[in-house]
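Student: Need coordinates for the below:
(4 chains)
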Number of protein chains: 4
Amino acid sequence: MSDIKLGIVGLGRLGRTHAMNIANHIPGATLTAACSIAEEELEFARVELGVEETYLTYEEMVDSPNVDAVCIVSPSGFHTEQIRLAIEKGLHVFSEKPLGLEIEDIEKTVEIINAHPEQVFQIGFMRRFDESYQYAKEMVDNGELGELTLIRCYGIDPSSGLESFVKFAGASNSGGLFADMSIHDIDLVRWFSGKEVKRVWALGKNAAYPELDEVNELETGAAMMQLEDKTIAMLVAGRNAAHGYHVETELIGTKGMLRIAAIPEKNLVSVFNEHGVVRPTSQHFPERFKEAFINEMKEFITCINEKRQPGVSAFDGLQGTKVATALQKSIDTNEIVDIPSLESIRS
Amino acid sequence: MSDIKLGIVGLGRLGRTHAMNIANHIPGATLTAACSIAEEELEFARVELGVEETYLTYEEMVDSPNVDAVCIVSPSGFHTEQIRLAIEKGLHVFSEKPLGLEIEDIEKTVEIINAHPEQVFQIGFMRRFDESYQYAKEMVDNGELGELTLIRCYGIDPSSGLESFVKFAGASNSGGLFADMSIHDIDLVRWFSGKEVKRVWALGKNAAYPELDEVNELETGAAMMQLEDKTIAMLVAGRNAAHGYHVETELIGTKGMLRIAAIPEKNLVSVFNEHGVVRPTSQHFPERFKEAFINEMKEFITCINEKRQPGVSAFDGLQGTKVATALQKSIDTNEIVDIPSLESIRS
Amino acid sequence: MSDIKLGIVGLGRLGRTHAMNIANHIPGATLTAACSIAEEELEFARVELGVEETYLTYEEMVDSPNVDAVCIVSPSGFHTEQIRLAIEKGLHVFSEKPLGLEIEDIEKTVEIINAHPEQVFQIGFMRRFDESYQYAKEMVDNGELGELTLIRCYGIDPSSGLESFVKFAGASNSGGLFADMSIHDIDLVRWFSGKEVKRVWALGKNAAYPELDEVNELETGAAMMQLEDKTIAMLVAGRNAAHGYHVETELIGTKGMLRIAAIPEKNLVSVFNEHGVVRPTSQHFPERFKEAFINEMKEFITCINEKRQPGVSAFDGLQGTKVATALQKSIDTNEIVDIPSLESIRS
Amino acid sequence: MSDIKLGIVGLGRLGRTHAMNIANHIPGATLTAACSIAEEELEFARVELGVEETYLTYEEMVDSPNVDAVCIVSPSGFHTEQIRLAIEKGLHVFSEKPLGLEIEDIEKTVEIINAHPEQVFQIGFMRRFDESYQYAKEMVDNGELGELTLIRCYGIDPSSGLESFVKFAGASNSGGLFADMSIHDIDLVRWFSGKEVKRVWALGKNAAYPELDEVNELETGAAMMQLEDKTIAMLVAGRNAAHGYHVETELIGTKGMLRIAAIPEKNLVSVFNEHGVVRPTSQHFPERFKEAFINEMKEFITCINEKRQPGVSAFDGLQGTKVATALQKSIDTNEIVDIPSLESIRS
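Tutor: From the prediction side, this is the model:
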């Protein structure tokens, strides 16, 4: 079986992670092409990763005969268009989240993806491929927790990035705290429960940087969500964890509960020093989800080879954005927001 | 300095805990009288605790010259009346929570209490006297967490009691999950933040015992609350923790966060066995808050001796019930409920 | 039943702890007398604890008709003589460890104690009365760990006291690291295993303060001990724990293992801050063993009232000192030291 | 740069791990050849790993022009001879521990290895390549623990394998508990301290399977070791951990201490169930050291490409076996055993 040839678009922090993984850690895949508007990023791809074809435009890359599949890690605003173009060219597509910025645009894209079931499409919800999350999912699926009643998800970025976020908050558009930070948590809620979110209320508070109020951004936010079967979900999102990168998930069921990364342990070391007994912590997503990024890409390649679709779909991406959008609307109004049921969406 | 003479009313599980503490662990206090409608409880007081005066009616007990102060641990419906009677008789009062069942009735009682500032009044929010909570409060007050942005409180009873709760849920009136279970958590939110709750939404789900729906009771509930300064509070209340008695509090601030009893560790033992590495857990409130119950009673006696009021007041009791009532209303309507500001209350 | 009247000798740090416990926390006991050569300590006893009789000499105190029992917390060199005098006067005796400094002298004292079985004698191995240790002992006795194969005990004092120890190490005679620090651990090994120590080797290293070599003291020491049934015991003793007061015990059995205070958790709080996730730690023995000191004294009073001997005996004190002495001899010679079996001791 | 071509000898459990790693996870390496006396193992190599050349004899494999380096995972008794043959053929060598069974034979082999400094030699002390161990080593090297005074290492296999071990204990020759289990721990002691072991005493106890006494094998063993600078090392080795695969290392220094895998956490999940709060645990070495096995092989390939020797040498292998041999001698005699200093060895 010959290697699947991948072209990547976008070589920022996350793009670089994917590019290095494809080049070094994914048996059966070759990174044959890279696209970026930054020449030094293409230089990196050529020199460090041995990528043979580099492009300044995406359109050229998807026309290359040496590209079987694309990995889209460009800015979110480009995702839907790039996905659609790749699908039209007959390529398999791995796209980072979110699928897009506008729900209608995403819906149109999902339709096109669904119309090409023979082309593999996967969205970058890598947490589903983390071994701790997989261990938890297996316990849930085996009924070890009984029926789920409550899911709590925290996603808090380290304080180290907050000052710079504040500085550029006015200029850049993060999409809001929930779209930016909670999209993975929303996916986890849907994945673990197998249910859709129906009704949400979201709150926020800016305390370290009250000036974020002016640009409609949040330092810390929280949401409570009611799922269609009354399961309760609680989200906390933030940008100011002094101890590092805090992604934690809790599942409460009728027979027991579990927590994933209640302490975001960096490794197996405990330090006993003048501060007390200290567990060092993960500091950022590439560290915490290093293996998960590799595993999701392996799954993408395996799906291509086995001619099947992965467990995580374009529809999951669409639903995640719908919920994030509702949360933002709730923040804007300080009121409960209902999310239309699937029937009304599909009609 | 001669001992403060205490009379206790109510000798159920919690009453017995208080009675034994007063009899054995509170220097400067003597349990001189006990009141109950159950003769065997009075027998216990006489034989086991050496109580000299026992009464079948509260009215008689508060007339005894051998009673300086009362400890009210009777069913909640009697609290306001018993408090008012003791105050009228010139006695100091320690009352278990809640102050009462009806807000107007409580407000009237608080007015009477406040009109007698020379008599000590204390409500049984014992968690404030637990050493872990005190350690946390000191950190908050020292600014070690910065400004608080989010408080999360869990109060989940052990599964062992659920079956019996379900059996009697129709007959007894628990007051609802939040009044029954979250009142301490609401007090913690107010205590740590120093702010009042303004706006709440509550959700619930019955999964192990769906029949609870019929009697308007809950197995698991959750609430999100907005405080007057936008601080966010999240509550989880439940009756079905397989691992024991789970009371956990989290404080997130701009400089750091802390958790109290993230694992409700029973002691300092870890067991390494076929299940993995296990921390045994607390199984009920008398175990978890053993020292706190003693400490709060010591504070009550100290306040009497030092002629001052404790840090926890009748007003705290009133506010707790107001929030719990709002949460229940939110459960009943599945809508956000606003809590009138203090100005409107006081007018 | 009237209160047992106790006289205490020695009001240093530990003596004060015992005195305050007797005065405030031990139902059925009254601290009627105190003896010290320091007038300000007697003043403390009178004023703070309401002790009616204070003495400058022990001989006078044990002659008082208001003393039923003594609590000996004087310097170790006085223990045997004070124990014998109290026994002769017909008093019950609670003595701090060690029983004495010389094995022959202790043996003579144990004989006298054993000749008066109607007088309660208890030695201050308070760890046996700590709730975590009791929980562990119950597991062992219930067979939950199977047969014990290895016991590991750490006893490390906080770094905060090291500088001052070094300063006075030449002048004072600590008895050596093992006699000073490991005597409780030796007792735990004997208590958990029910076996005697047969053969030992001990090592030490001075690194922070190499000058301790000159005064034959140790900063850090360790020992391996073979018990009569081949069970293995490992001890670590030290004076330089940066994180606080580290007393940890591990039991390994054929069915499982357990650790007591693997992290010497101060309370139930975890702090998430710039250092990582931190468990604050106990800082000294009065903090760590606060309840154990109370519990052991309660047991002493209960034994007097119930006319029985406690589970911890004078013989336990003798054996502890024998092992500590062997460990010191091993340090001095860097060779294995055998401990004569009981038969030879008793002959 | 073309790929390094590797031949592997031995395809048992560990051999398979190495083979799969080389085939799938080591950029710059190709598994071109495999050697085994078991035809079905060679079949596995051909079919599953795409190995082109398979051999029934090692001599043939090392003669292949398609082998630049060998990976030796054969039974320990073959190591020295296979190493020497590969070195003679000009190949780079990665060999599993131990280097051999007889110290003289190992010494001779080390001499030959050292005589070919242009050929890379690496021994499989993979723990040095585990990220937790590397984090700890960096802390030590940065002086964050001050000067080391004590190192404690546990290596305990899961109970699940004990019964089968007992069954075959008479027939197979494990080399003894310390050679079999502690060799990695001895290496860690030397690596962290940078010092040699000078004097040891070892003890053992068979409790679950007393019949192991008859075949001179141990269920649980322990050792205390004095290093040349007086640093103390304590080892526990065993075959009966109910909770899984327990490899733990503790470093105590003058400024602080640390523990690696005090709980052998399987992942980041905590389960709250009827047993208490449970951390699932690693169950075997391929699970615990999955990444370390990959990392050590990457280092081997990198050393070949960069024409340098790895940090872990043949001499480390020799010293490890010397200490393990001394520990076994100590078990056999129940006496202290001195290890000749390097000078005497080299002379």
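Student: average model confidence for stretch A:277-285?
Tutor: Mean pLDDT, stretch A:277-285: 97.
Student: Give me the buried stretch members for that stretch, please.
Tutor: Of the residues in stretch A:277-285, A:277-283, A:285 count as buried by neighbour count, 16 or more other Cβ atoms under 10 Å in any protein chain shown. Every residue, glycine included, has its C-beta placed from N, CA and C.
Student: now that stretch, how far from the centre of its chain.
Tutor: 21 Å (Cα atoms, centre = their mean, to the nearest Å).
Student: cool, and stretch A:258-276?
Tutor: Relative to the chain's own centre, stretch A:258-276 is displaced by 25 Å; criterion: Cα atoms, centre = their mean.
Student: got the end-to-end distance for that stretch?
Tutor: 26 Å (Cα to Cα, to the nearest Å).
Student: same check, this time on stretch A:242-259
Tutor: 20 Å.
Student: Would it count as contacting chain D?
Tutor: Yes - residues of stretch A:242-259 contacting chain D under Cβ under 8 Å from any Cβ of the partner chain: A:255-259.
Student: and of the buried residues of stretch A:277-285, the nearest to chain D?
Tutor: Set against chain D, the nearest of the buried residues of stretch A:277-285 by Cβ to the nearest Cβ is A:Pro280 (7.4 Å).
Student: can I get the buried residues of stretch A:277-285 in TSV with secondary structure and distance to B:Gly124?
Tutor: Formatted as TSV, the buried residues of stretch A:277-285 follow (DSSP: H, G, I helix; E, B strand; the rest coil; distance: Cβ to Cβ, whole Å):
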residue	secondary structure	distance to B:Gly124
A:Val277	strand	34
A:Val278	strand	36
A:Arg279	strand	36
A:Pro280	coil	41
A:Thr281	strand	38
A:Ser282	coil	41
A:Gln283	coil	44
A:Phe285	helix	45
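Student: Those: which ones sit near chain C?
Tutor: Within the buried residues of stretch A:277-285, those near chain C by Cβ under 8 Å from any Cβ are A:277-281.
Student: could you redo the buried residues of stretch A:277-285 as TSV and give each row distance to B:Gln134?
Tutor: Output for the buried residues of stretch A:277-285, formatted as TSV (distance: Cβ to Cβ, whole Å):
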residue	distance to B:Gln134
A:Val277	21
A:Val278	23
A:Arg279	24
A:Pro280	28
A:Thr281	26
A:Ser282	31
A:Gln283	32
A:Phe285	37
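Student: nearest to D:Glu111, of the residues you listed?
Tutor: A:Pro280 (42.2 Å; Cβ to Cβ).
Student: Show the contacting residues for that closest one.
Tutor: A:265-267, A:269, A:271, C:276, D:135 (Cβ atoms under 8 Å, 6 or more residues apart in numbering or on different chains).
Student: now, which of those residues lie within strands?
Tutor: Of the contacts of A:Pro280, the ones assigned to strands by DSSP state E are A:269, A:271, C:276.
Student: re earlier: out of the residues of stretch A:242-259 next to chain D, which are close to chain B?
Tutor: Among the residues of stretch A:242-259 next to chain D, the ones lying near chain B by Cβ under 8 Å from any Cβ are A:255-257.
Student: Quick check on those: which are buried?
Tutor: A:256-257.
Student: can you list the ones next to chain B among the residues of stretch A:242-259 next to chain D in a markdown table and add pLDDT, distance to B:Glu196 and secondary structure?
Tutor: Output for these, formatted as a markdown table (pLDDT from 0 to 100; distance: Cβ to Cβ, whole Å; DSSP: H, G, I helix; E, B strand; the rest coil):
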| residue | pLDDT | distance to B:Glu196 | secondary structure |
| --- | --- | --- | --- |
| A:Lys255 | 98 | 38 | coil |
| A:Gly256 | 98 | 36 | coil |
| A:Met257 | 98 | 31 | strand |
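Student: State whether A:Val51 is indeed within a strand.
Tutor: No - counting by DSSP: H, G, I helix; E, B strand; the rest coil, A:Val51 falls outside a strand, being coil.
Student: ok, it - contacts?
Tutor: Contacts of A:Val51 by Cβ under 8 Å, 6+ apart are A:19, A:23, A:31-34, A:45.
Student: Dump those residues to CSV, plus neighbour count, pLDDT and distance to chain D.
Tutor: CSV is the format used below for the contacts of A:Val51 (neighbours: other Cβ atoms under 10 Å in any protein chain shown; pLDDT from 0 to 100; distance: Cβ to the nearest Cβ, whole Å):
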residue, neighbour count, pLDDT, distance to chain D
A:Ala19, 25, 98, 14
A:Ala23, 20, 93, 8
A:Leu31, 25, 97, 12
A:Thr32, 23, 98, 16
A:Ala33, 24, 98, 19
A:Ala34, 28, 98, 18
A:Ala45, 26, 97, 16
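Student: wait, which of the residues you listed is closest to B:Gln122?
Tutor: Closest approach to B:Gln122 among these (Cβ to Cβ): A:Ala19, at 64.7 Å.
Student: re earlier: make TSV from the contacts of A:Val51 and add secondary structure and distance to chain C to it.
Tutor: Listed next are the contacts of A:Val51 as TSV, based on DSSP: H, G, I helix; E, B strand; the rest coil; distance: Cβ to the nearest Cβ, whole Å:
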residue	secondary structure	distance to chain C
A:Ala19	helix	31
A:Ala23	helix	33
A:Leu31	strand	36
A:Thr32	strand	42
A:Ala33	strand	41
A:Ala34	strand	37
A:Ala45	helix	36
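Student: hmm, who's touching stretch A:321-336?
Tutor: For stretch A:321-336, using Cβ under 8 Å, 6+ apart, the contacting residues are A:98-100, A:103, A:106, A:175-179, A:182-183, A:186, A:197, A:199-204, A:216, A:218, A:221, A:223, A:225, A:235, A:337-339, A:345, B:199, B:201, B:226, B:335-336.
Student: do that again at 7 Å, thanks
Tutor: A:98-99, A:103, A:106, A:176, A:178-179, A:182-183, A:186, A:197, A:199-202, A:204, A:221, A:223, A:337, A:339, B:201, B:335-336 (Cβ atoms under 7 Å, 6 or more residues apart in numbering or on different chains).
Student: which of those are buried?
Tutor: By 16+ other Cβ under 10 Å, the contacts of stretch A:321-336 give A:98-99, A:106, A:176, A:178-179, A:182-183, A:186, A:197, A:199-202, A:204, A:221, A:223, A:337, A:339, B:201, B:336 as buried.
Student: Geometric centre of chain A: which residue is closest?
Tutor: With distances taken as Cα atoms, centre = their mean, A:Phe125 lies nearest the centre of chain A, 4.3 Å away.
Student: Could you list the contact residues of the stretch 201-347 of chain A toward chain D?
Tutor: By Cβ under 7 Å from any Cβ of the partner chain, the residues of the stretch 201-347 of chain A that approach chain D are A:256-262, A:265, A:267-273.
Student: Give me the below-cutoff pLDDT ranges for the stretch 1-150 of chain A.
Tutor: Flagging of the stretch 1-150 of chain A using pLDDT under 70 yields the residue ranges A:1.
Student: any idea where the helices of it begin and end?
Tutor: Assigned by DSSP state H, counting those that start in this stretch, the stretch 1-150 of chain A shows helices spanning A:13-25, A:39-49, A:58-63, A:79-88, A:103-114, A:131-141.
Student: do the last one and chain B meet?
Tutor: No - remark: helix A:131-141 sits outside contact range of chain B, by Cβ under 7 Å from any Cβ, the gap being at least 11.9 Å.
Student: Output the contacting helices and strands for that helix.
Tutor: strand A:257-260, strand D:269-273 (3 or more Cβ pairs under 7 Å, 6 or more residues apart in numbering or on different chains; DSSP states H and E).
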